[in-house]
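Asks: With the sequence up front, the predicted model follows.
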Amino acid sequence: MSKQSICAWQKLELGAAIRDPGNASALKTGDWRTLVPVLDEEKCIKCTLCAIYCPEFCISEREDGLFRPDLNYCKGCGICANECPKSAISMVMEDK
């Protein structure tokens, strides 16, 4: 495997031990994902449920008032899509 194809998660310490306290924001865990949430802006009612239920707390309100994930940290679990009352979020395979 070439050095260029090594992802951030592959550089983790054995057992994913965190050796430096407070470094969680530096560990971009989004490259673990295979599915990515896609928002249908027409269906979104801005209810905030996606942000409330996100286990990574990576969904936040943007300037346009819509809620979108920070893909640097989104693991693609699909909870946001499952909890959306209007089915405005769909999970699709990510192109990497």
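Replies: Done, it's in.

Asks: which stretches of this structure form helices?
Replies: With DSSP state H as the criterion, the chain has helices at 49-53, 79-83.

Asks: Okay, strands next: where are they in the chain?
Replies: Counting by DSSP state E, the chain has strands at residues 35-39, 59-61, 67-69, 89-93.

Asks: Let me have those in JSON lines, extended by mean pLDDT.
Replies: Formatted as JSON lines, the strands of the chain follow (pLDDT from 0 to 100):
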{"stretch": "strand 35-39", "mean pLDDT": "96"}
{"stretch": "strand 59-61", "mean pLDDT": "95"}
{"stretch": "strand 67-69", "mean pLDDT": "95"}
{"stretch": "strand 89-93", "mean pLDDT": "97"}
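
Asks: Low-confidence stretches in this protein?
Replies: Where the chain drops to pLDDT under 70, the residues are 1-9, 12-19, 21-24, 96.

Asks: To T29, which of the helices of the chain lies closest?
Replies: helix 79-83 (15.0 Å; C-beta to C-beta). To be clear about C-beta, it is placed using only N, CA and C from the backbone, and glycine gets the same treatment.

Asks: Point out the other helices and strands that that closest one packs with.
Replies: helix 49-53, strand 89-93 (3 or more C-beta pairs under 8 Å, 6 or more residues apart in numbering; DSSP states H and E).

Asks: With respect to burial, which of the strands of the chain scores highest?
Replies: Comparing these by mean neighbour count (mean count of other C-beta atoms under 10 Å), strand 67-69 ranks first with a mean of 22.

Asks: For that one, which strands pair with it and how are they oriented?
Replies: strand 59-61 (antiparallel) (DSSP bridges).

Asks: picking that back up, save the strands of the chain as a markdown table, and put in distance to C50 too.
Replies: Converted to a markdown table, the strands of the chain look like this (distance: least, C-beta to C-beta, whole Å):
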| stretch | distance to C50 |
| --- | --- |
| strand 35-39 | 8 |
| strand 59-61 | 5 |
| strand 67-69 | 5 |
| strand 89-93 | 6 |
